[in-house]
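Undergrad: missing the sequence, but the structure's below:
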């Protein structure tokens, strides 16, 4: 019983960390796109 709960908690923790990592990656990608867009806009 305790082992099952521990494994379940580890899985939930892993899923949470993966979702946080993907969110950070997406925000970083959006920031890069925004910076490129602003550089293009400044060129005009």
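TA: Everything's here; your move. Everything numeric here is computed off the predicted structure, so don't read it as measured data. Numbering: from 1, shown residues only.

Undergrad: I'd like the average pLDDT over the helix or strand harbouring residue 16.
TA: Assigning secondary structure by DSSP states H and E places residue 16 in helix 2-43. Helix 2-43 carries an average pLDDT of 91.

Undergrad: so how far is that helix from its chain's centroid?
TA: Its chain's average C-alpha position is 0 Å from that of helix 2-43, according to C-alpha atoms, centre = their mean, to the nearest Å.

Undergrad: how many residues are close by residue 27?
TA: By the measure other C-beta atoms under 10 Å, the count of residues near residue 27 is 10. C-betas here are computed from N, CA, C, even on glycine.

Undergrad: and if you look at residue 15?
TA: In terms of burial, residue 15 registers 10 neighbours under the definition other C-beta under 10 Å.

Undergrad: same check, this time on the one 5 residues further on
TA: Other residues lying near residue 20 total 10 when counted by other C-beta under 10 Å.

Undergrad: how about residue 11?
TA: The number of residues packed around residue 11, counting by other C-beta under 10 Å, is 10.

Undergrad: state the distance from it to residue 2.
TA: 15 Å (C-beta to C-beta, to the nearest Å).

Undergrad: which outside residues touch stretch 32-44?
TA: The set of residues external to stretch 32-44 that reach it, using C-beta atoms under 8 Å, 6 or more residues apart in numbering, is empty.
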